[in-house]
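> no sequence for this one, just the structure:
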């Protein structure tokens, strides 16, 4: 987390993009464009999403992926990328298990983890029906944060508290109250989540948050309100923006369309302009020609 904190203190902003494999991490590692001001623009880190890691394994996103799977994926990604990795840890599990989770992910090389303040059967927050979701008590979630922060680790690992108050209809005051409590308990940052198609509520939260907690990293995941630019979110007070599932969402329709083409035309020729050349795939990974 220190690498992010140092950049934030210097007034820099951080963009993360989801990776679900070493290959997708290579794309994040090597992708850069020239920005409007002529400077190089690249992703600053990798988001390891529970949704996409579950989906790539054909599992529902209900906290079925175990910690060993995430540890192995972190290690695979670190072979091909030098960028910091932030891990989606869902609810973090039972408080009694959380210390092990923190230790394992820190040992694998994660920079930070995100835990959400829900309990019970986990359902993705972006579902329209949230009535079965239960928000944790402030006291219990603070205990979980304190457990994580007191866990001995081989190197410091950040714990970012994700607040579900806006998703669950608890309102702005509840979200701000929880933010203050989680920071007091030791959280290294706060992620405010929303499934509204408008960014209005998260921007309102950010404006009040930065006044009360200047310098504390504030994180946004604009999956639903994706018409707003990152720079607008940064200007509103956010320090970190996560594009949480887009590489996998891009890969599935591409693969599906190629599969349809091959069946439709009884050959793969018509799909040629939709896929990477054989020569490029053979040389994509360094050392393949040894």
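Sure, I can see it. The model shown is predicted, which means the values in this text are computed figures rather than measured ones.
> got any ranges where the stretch 101-250 of the chain has weak pLDDT?
Flagging of the stretch 101-250 of the chain using pLDDT under 70 yields the residue ranges 122, 125-131.
> and if we set it to 80?
Within the stretch 101-250 of the chain, the stretches with pLDDT under 80 are 121-132.
> how about the helices in the stretch 101-250 of the chain?
138-149, 172-185, 200-212, 230-236, 246-265 (DSSP state H, counting those that start in this stretch).
> buried stuff in the first one?
Of the residues in helix 138-149, those buried under the neighbour-count criterion (16 or more other C-beta atoms under 10 Å) are 138, 141, 142, 144, 145, 146, 147, 148, 149. Just so you know, the C-beta spots here come from the backbone N, C-alpha and C atoms, and that holds for glycine as well.
> Geometric centre of this protein: which residue is closest?
Closest residue to the average C-alpha location of the chain: residue 47 at 3.8 Å, with C-alpha atoms, centre = their mean.
> Tell me the confidence at that one?
Confidence at residue 47, expressed as pLDDT, is 98.
> so it touches residue 241, yeah?
No - contact criterion C-beta atoms under 8 Å: residue 47 and residue 241 do not qualify, at 10.2 Å.
> so is residue 83 in a helix, a strand, or just coil?
Put simply, residue 83 is coil when judged by DSSP: H, G, I helix; E, B strand; the rest coil.
> Can you give me the separation between it and residue 9?
19 Å (C-beta to C-beta, to the nearest Å).
> Have a look at these two and say which one is more surrounded.
Legend: neighbour count by other C-beta atoms under 10 Å for residue 83 and residue 9, higher for residue 83 (21 against 9).
> List the residues that contact that one.
Remark: with contacts taken as C-beta atoms under 8 Å, 6 or more residues apart in numbering, residue 83 is in contact with 25, 28, 29, 43, 44, 45, 46.
> Drop anything exposed from those.
25, 28, 29, 43, 44, 45, 46.
> Between those residues, which sits nearest residue 123?
residue 46 (24.8 Å; C-beta to C-beta).
> re the thing from before, make JSON lines out of the helices of the stretch 101-250 of the chain and add distance to residue 155.
Shown next, in JSON lines, are the helices of the stretch 101-250 of the chain (distance: least, C-beta to C-beta, whole Å):
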{"stretch": "helix 138-149", "distance to residue 155": "14"}
{"stretch": "helix 172-185", "distance to residue 155": "21"}
{"stretch": "helix 200-212", "distance to residue 155": "28"}
{"stretch": "helix 230-236", "distance to residue 155": "27"}
{"stretch": "helix 246-265", "distance to residue 155": "27"}
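> Compare those helices and give me the one nearest residue 118.
helix 138-149 (9.1 Å).
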